[in-house]
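S.K.: Kindly return the folded structure for what I paste below:
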Amino acid sequence: GSASSVRVVAGAPQRKTLTLQTSQPGRIVAFEETPLHPRVSGYVDAVLIDIGDRVDDKQVLIRLDVPELQDEENQMTALVAQAEADVQRASAAVTAANAAAKTAESKVAQAKAGRGRTEGEYQRWKAESERIAQLVENGSVTRKLLDETLNQLEAASASREETEAAVACAEAGHAEAVANIRKAEADQAAAVARVRVANANLARTTTMLGFAEIKAPFAGVVTRRTIDTGHFVQPASGRAAEPLLVVSRMDKVRVAVDIPELEAALVDAGETPDTATIRVQALNVPEIKNVPVSRTGWSLDGTNRSLRVEIDLENESGLLRPGMYSTVTLLLAEVPDALVIPTTAVIRDGAQTYCAVVVNGKIDRRAVELGLRSGGEVAVNAGLTPADVIVVTRPESFAAGQAVEVIAPGK
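M.R.: Sure, this is the predicted structure:
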């Protein structure tokens, strides 16, 4: 080259698939893990499993001895029987009250029947006494006959009043009998309600007695045990209380990984989730590839400014165990067939980005629009073609129009 030209390291952009990945330590955690606490106080009667045992859903793991609850259930059962007997008795009382009301009703009818007879007798003697009084006035009959007739009228009047009193008495008796029916029915309703209360109390005691058996919440494996036969246990207060057992699911695990803030926004767990490659150092197994991200915590952890990302893995073999460490490589972005240049070829001027392109042995500053950046490479979205020759080392040190001589990179 001529003495005036400066030698520059330059080359063409490359066409390739540019990927952005992040590798972070991950930890395997149980998909579900449940500490088991007692709901009732009692002595441990039997521990039916030990740590490492596989258990089925709803399998009985611990039996507690709670004799006072058994006694209470017996007492509640007796109270239900007693309340049911009270209902029988109350029903019989309703039947008896109805029968008594029928009897009282017939007495009213009987009393009213007598009323017609005594009223007729009274009217007859009233008319007779009036007729004889007329005859006495005419002097046709003696006064004595009138007195006898008036006596008969007096007797008939008394008889009529007695009948009225009997009707009133029968009606009062009937009203009382009807009131007795209402009372008997109210007693019956109260007895039926007491049966419901007794049954509810029995059901509650039976439920509490059911807690004497502590069962597995799901199929899994017992990972912790803190009790033995004969220990006294009581209901836990607060989260700090030590569980009797811990059961973990093992058919599936979660790989939890914390993604730093700068890359967190790129993690996608939506319709087309990012994929991960997982390597478990402790196991001599191949990498697990192309596993989709299952979910993210969405918000960043305030203490370390990272996003919790979870990847679900099937674990039928049981090889993956909670607490194991792994390396998770997440594919955050991928641009196929990108035009790629080294980041060292980019000139920054404020918000604008340029490249120094060599055209006919002279420097030409060309504005470029950049895309995905991965490591020491960046994709160019606009401004360059694969035929362009660009300065790749310290391009900002060359002025536009400066004559240069190109040497290939690595020379």
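S.K.: Quick check: L69 vs N201, distance?
M.R.: Distance of L69 to N201, given as Cβ to Cβ, to the nearest Å: 13 Å. Where you see a C-beta, it was placed from the backbone N, CA and C, and this is true even at glycine.
S.K.: just A83 next, same as before
M.R.: Note on A83: its distance to N201, by Cβ to Cβ, is 10 Å.
S.K.: of L69 and N201, who's got more company?
M.R.: Neighbours were counted for L69 and for N201 using other Cβ atoms under 10 Å; L69 has more, 20 against 17.
S.K.: for that one, what are its contacts?
M.R.: Contacts for L69 (Cβ atoms under 8 Å, 6 or more residues apart in numbering) come out as 40, 42, 205, 208-209, 212.
S.K.: Buried ones in the helix or strand in which V357 is found, by neighbour count?
M.R.: Using DSSP states H and E, V357 sits within strand 352-359. In terms of neighbour count (16 or more other Cβ atoms under 10 Å), strand 352-359 has its buried residues at 353-358.
S.K.: out of those, what pair is the most spread apart?
M.R.: Of all pairs drawn from those, the greatest distance, 17.9 Å, lies between T353 and V358 (Cβ to Cβ).
S.K.: Give me the distance between the closest residue to A387 other than its chain neighbours and L307.
M.R.: Of all residues not flanking A387 in the chain, A12 sits nearest, at 6.8 Å (Cβ to Cβ, 6 or more residues apart in numbering). Noted for A12: a distance of 38 Å to L307, by Cβ to Cβ.
S.K.: neighbour count winner among those two?
M.R.: Taking neighbours as other Cβ under 10 Å, A12 and L307 compare with L307 leading, 20 against 14.
S.K.: So which elements touch the worst-scoring helix or strand of the chain on mean pLDDT?
M.R.: Among the helices and strands of the chain, strand 404-407 carries the lowest confidence by mean pLDDT, DSSP states H and E, at a mean of 84. Counting contacts by 3 or more Cβ pairs under 8 Å, 6 or more residues apart in numbering; DSSP states H and E, strand 404-407 packs against strand 6-11.
S.K.: The least confident helix or strand of the chain pairs with which strands, and in what direction?
M.R.: Strand partners for strand 404-407, identified by DSSP bridges, are recorded as strand 6-11 (parallel).
S.K.: Could you pull out the strands in the stretch 151-300 of the chain for me?
M.R.: In the stretch 151-300 of the chain, the strands defined using DSSP state E, counting those that start in this stretch lie at 213-215, 220-225, 232-233, 245-248, 252-260, 275-279, 288-292, 295-300.
S.K.: Could you list the low-pLDDT ranges of the protein?
M.R.: 1-4, 409-411 (pLDDT under 70).
S.K.: same thing but at 80, please
M.R.: 1-5, 142, 236-240, 408-411 (pLDDT under 80).
S.K.: what ranges do the helices span in the stretch 101-250 of the chain?
M.R.: 143-210 (DSSP state H, counting those that start in this stretch).
S.K.: Does S23 touch L331 like I think?
M.R.: No. If you go by Cβ atoms under 8 Å, S23 and L331 don't touch, sitting 10.7 Å apart.
S.K.: Ignoring the adjacent residues along the chain, who's closest to P217?
M.R.: T34 (4.7 Å).
S.K.: So which residues make contact with the helix or strand harbouring the one you found?
M.R.: T34 belongs to strand 33-36 when assigned by DSSP H and E. Here strand 33-36 makes contact (Cβ under 8 Å, 6+ apart) with 61-62, 214, 217-218, 223-224, 243-249, 322.
S.K.: go on, stretch 280-294?
M.R.: Stretch 280-294 has contacts (Cβ under 8 Å, 6+ apart) with 28, 254, 267-269, 273-279, 309-313, 319-320, 324-327, 330.
S.K.: How about stretch 152-163?
M.R.: 111, 114-115, 117-119, 121-122, 124-126, 128-129.
S.K.: What subset of the contacts of strand 33-36 is buried?
M.R.: By 16+ other Cβ under 10 Å, these give 61-62, 214, 217, 223, 243-249, 322 as buried.
S.K.: ok, so what distance separates G376 from A96?
M.R.: The value you get for G376 to A96, if Cβ to Cβ is used, is 103 Å.
S.K.: Ignore what I typed, I meant K107.
M.R.: For K107, the distance to A96 - Cβ to Cβ - is 17 Å.
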